[in-house]
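Peer 1: The amino acid sequence is not available; the structure is as follows:
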């Protein structure tokens with residue numbers, strides 16, 4: 001089975017990343033929680049792209065992935081804005097050279113993690129509704 005047919009695997013991995021983000025937030029590992037929240041949303045949208053468009057792209061921007069879904073799915077502008085928030089957690093949560101000083105994890109707060117997890121949850125709920133219309137979450 002090619003990666004173009006494996007949308008369920010992408011969605012399951014997205015849900016696992018989301019669970020890890022929630023766990024890390026509870027442990028006070030805020031930077032890592034932010035990153036995994038972004039990853040959860042990215043993988044979920046990729047699952048929906050595979051299911052609806054039959055494509056897998058190597059783009060890592062949640063907002064851009066949501067925009068690229070628009071030929072097949074009605075994606076609200078508000079959800080794209082949520083994707084923009086999550087995109088801020090892709091690189092600087094992991095790389096010291098993204099900051100002028102200090103390890104990346106020292107720059108993230110509980111508030112950041114809560115926002116990231118909430119945003120990822122919104123993307124995941126949207127994706128689940130679109131992948132399986134009529135199924136309640």
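Peer 2: Good, I have the coordinates. Values in this document were obtained by computation on a predicted structure and should not be read as measured data. Numbers count the residues shown, from 1 in each chain.
Peer 1: only C-alpha atoms for contact and neighbour calcs from this point on.
Peer 2: Will do.
Peer 1: tell me the contacts of residue 79?
Peer 2: Applying C-alpha atoms under 8 Å, 6 or more residues apart in numbering, one finds that residue 79 lies in contact with 63, 66, 122-123.
Peer 1: same thing with residue 83?
Peer 2: Shown here is residue 83, whose contacts under the criterion C-alpha under 8 Å, 6+ apart are 41, 61-64, 66, 119, 123.
Peer 1: Top of those residues by number of neighbours, please.
Peer 2: Across these, neighbour numbers were computed from other C-alpha atoms under 10 Å; residue 41 holds the maximum, 34 neighbours.
Peer 1: So for the strand or helix carrying residue 10, what gets flagged as buried?
Peer 2: Taking DSSP states H and E as the definition, residue 10 sits inside helix 7-26. Buried residues in helix 7-26, defined by neighbour count with 16 or more other C-alpha atoms under 10 Å: 7, 10-11, 13-15, 17-22, 24-25.
Peer 1: what do you get for stretch 45-64?
Peer 2: Across stretch 45-64, burial judged by 16+ other C-alpha under 10 Å covers 45-53, 56, 61-63.
Peer 1: Nearest to residue 71 among those residues?
Peer 2: When these are compared for distance to residue 71, the smallest value, 8.4 Å, is given by residue 53; criterion: C-alpha to C-alpha.
Peer 1: Quick check, the closest one in contact with residue 68.
Peer 2: No: under the criterion of C-alpha atoms under 8 Å, residue 53 lies out of contact with residue 68, with a separation of 9.5 Å.
Peer 1: thinking again about what came up before, could you dump the contacts of residue 83 to TSV with pLDDT?
Peer 2: As requested, the contacts of residue 83 are arranged in TSV below (pLDDT from 0 to 100):
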residue	pLDDT
41	98
61	98
62	98
63	98
64	98
66	98
119	98
123	98
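Peer 1: farthest-separated two in these?
Peer 2: Based on C-alpha to C-alpha, the longest span within these runs between 64 and 119 and measures 15.3 Å.
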